[in-house]
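In: could you work out the structure for the sequence below:
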Amino acid sequence: MSKLVIVTHPNIEGSVVNSKWVSELEKYSDNIKLHSLYAKYPDLNIDVAAEQELLSQYDEIIFQFPLHWFGVPYALKQYMDQVLTYGWAFGPDGDKMKGKKIGFAVSTGGAQETYETMVSLEDLLKPVYVSFQYCGCEILPTHRLYGANQGITPEFVEENAKTYAASLL
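Out: Predicted coordinates for the structure are as follows:
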């Protein structure tokens, strides 16, 4: 079955990493469906029923985003708050996400050392991991690229994008 990648980047055109990840994933459109929240909902008026229907169609869903101030972008938090509802994703009869595999592809502007000495990426994403686990999902390993604002080379980003795509195929 194909996989759904929900891209949540507020300025994908200006992105060093996420735009390259998207370009690489587009090569595999038979196996990977890309869904950009900011492109679909520029006003952030999320169609909850449509998003729940979309999530229902996939067993593996990847959330791709840049870390913003040590957390997920606003649109992703809003998405989770509005789409993962009581009675649908959790609670009585809330089993629509149960058994789904959820992964994350995360880029950081800061250097890897920041996330090794101050706070780990896993610690920062723990509330997101726990939210999906609470909905009965299995959490997959997180794909990551550190240092998007640290002068990384285009070749490094390209290789990382290929590794990311390969992990989904």
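In: where along the protein do the strands fall?
Out: 3-7, 32-36, 60-66, 101-107, 138-139, 143-145 (DSSP state E).
In: got the ones you listed as CSV, with distance to residue 121, mean neighbour count and mean pLDDT columns?
Out: In this view, the C-beta of every residue, glycine as well, is placed from N, C-alpha and C. What follows is the strands of the chain, written out as CSV (distance: least, CB to CB, whole Å; neighbours: other CB atoms under 10 Å; pLDDT from 0 to 100):
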stretch, distance to residue 121, mean neighbour count, mean pLDDT
strand 3-7, 18, 22, 98
strand 32-36, 22, 18, 97
strand 60-66, 12, 23, 97
strand 101-107, 7, 21, 97
strand 138-139, 13, 14, 97
strand 143-145, 6, 21, 96
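In: which elements pack onto the helix or strand bottoming out on mean pLDDT in the chain?
Out: None of the helices or strands of the chain scores lower by mean pLDDT, DSSP states H and E than helix 114-117, at a mean of 88. Counting contacts by 3 or more CB pairs under 8 Å, 6 or more residues apart in numbering; DSSP states H and E, helix 114-117 packs against no other helix or strand.
In: for that helix, which positions count as buried?
Out: For helix 114-117, burial by neighbour count (16 or more other CB atoms under 10 Å) applies to 114-115.
In: turn the strands of the chain into TSV, including distance to residue 25.
Out: TSV is the format used below for the strands of the chain (distance: least, CB to CB, whole Å):
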stretch	distance to residue 25
strand 3-7	6
strand 32-36	5
strand 60-66	8
strand 101-107	9
strand 138-139	20
strand 143-145	11
